[in-house]
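*Asks:* Pasting the sequence and the predicted model now:
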Amino acid sequence: MGAVPAVPGYFPAMKAVCEKHGALFILDEVMCGMGRCGALHAWEQEDVVPDLQTIGKALGGGYAPVSGVLIGENIVQALDKGTGVFRHGHTYQGHPVSCAAALAVQKVIEEQNLLENVRNMGAYLEGRLRSRLEAHPNVGDIRGKGLFWGIEFVKDKATKEPFSPLVNVAFQIQETGLDPMYGISLYAASGTVEGTQGDHVILAPPYNVTKEEIDIIVQISGKVIERVFANITTAR
């Protein structure tokens, strides 16, 4: 969906539905968690606590492959008092090198107060993106939280009509960004609209990013987007 934040009250409502029907409330925070949205866990900002939660990516900061599942006490008790038939594990579970890398990353995040920087620079990034791109005729939406932002592209700004998948808008933007002339990685994806149409890119700067670096990121992203749509317009 491209970094779409939930509307206020959505997560508490979903948890209430799960509790009503005896279902587990499970949150996937592999991309948005471990500080990316400005809190260690994104659900801390949503007034809920999940039964199960997946974590990864920012857990190890990219220094080593590592992910995990956080389990609520109610799940722990159910497993502990159960039959013991359920076997959960992985060959490389608890890999010492990955765990050491993850621990080191979390220590740096805490010692350097990087979550505050995520919140502050996230607000700055939002302002710069809106100032630079919100008026672009093919930018349909700019949305996100913390240092996790998506830019959605549309054919018609008023109706939000998406481009045909054959145009490959997001892919063109990603490939253009990787050109040495720009040297930026814009995470492209499609299928935003009903799983078949729609284009967006995601920006996810590092937690220790500075205002000066955000200025560069936004400036280059704007140039890439303008170049791609100039070519698309010419092709028409």
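*Replies:* Perfect, I can see it now.
*Asks:* Could you give the average pLDDT over stretch 85-93?
*Replies:* The average pLDDT within stretch 85-93 is 79.
*Asks:* start the count at 337, not 1, going forward
*Replies:* With the count now opening at 337, the last piece we talked about shows up as stretch 421-429.
*Asks:* Listing request: residues of this protein with sub-threshold pLDDT.
*Replies:* Scanning the chain for pLDDT under 70 picks out 570-572.
*Asks:* quick one, helices of it?
*Replies:* 346-357, 409-416, 432-447, 450-469, 505-513, 547-571 (DSSP state H).
*Asks:* what's the shortest one in contact with?
*Replies:* I take that to be helix 409-416. Helix 409-416 has contacts (C-beta atoms under 8 Å, 6 or more residues apart in numbering) with 360, 387-388, 422. All C-beta spots, glycine's among them, are computed from the backbone N, C-alpha and C.
*Asks:* can you give me how far it is from the chain middle?
*Replies:* Chain-centre distance of helix 409-416: 30 Å, with C-alpha atoms, centre = their mean, to the nearest Å.
*Asks:* repeat for the first one
*Replies:* On the basis of C-alpha atoms, centre = their mean, helix 346-357 sits 23 Å off its chain's mean C-alpha point.
*Asks:* buried sites along that helix?
*Replies:* 347, 350-351 (16 or more other C-beta atoms under 10 Å).
*Asks:* Which single one of these is nearest to residue 483?
*Replies:* For these, the closest approach to residue 483 (C-beta to C-beta) belongs to residue 347, at 20.4 Å.
*Asks:* ok, how many other residues are close to the nearest residue to that closest one once chain neighbours are set aside?
*Replies:* Spatial nearest neighbour of residue 347, chain neighbours left out: residue 382 (4.0 Å); criterion: C-beta to C-beta, 6 or more residues apart in numbering. Applying other C-beta atoms under 10 Å, we find 21 residues neighbouring residue 382.
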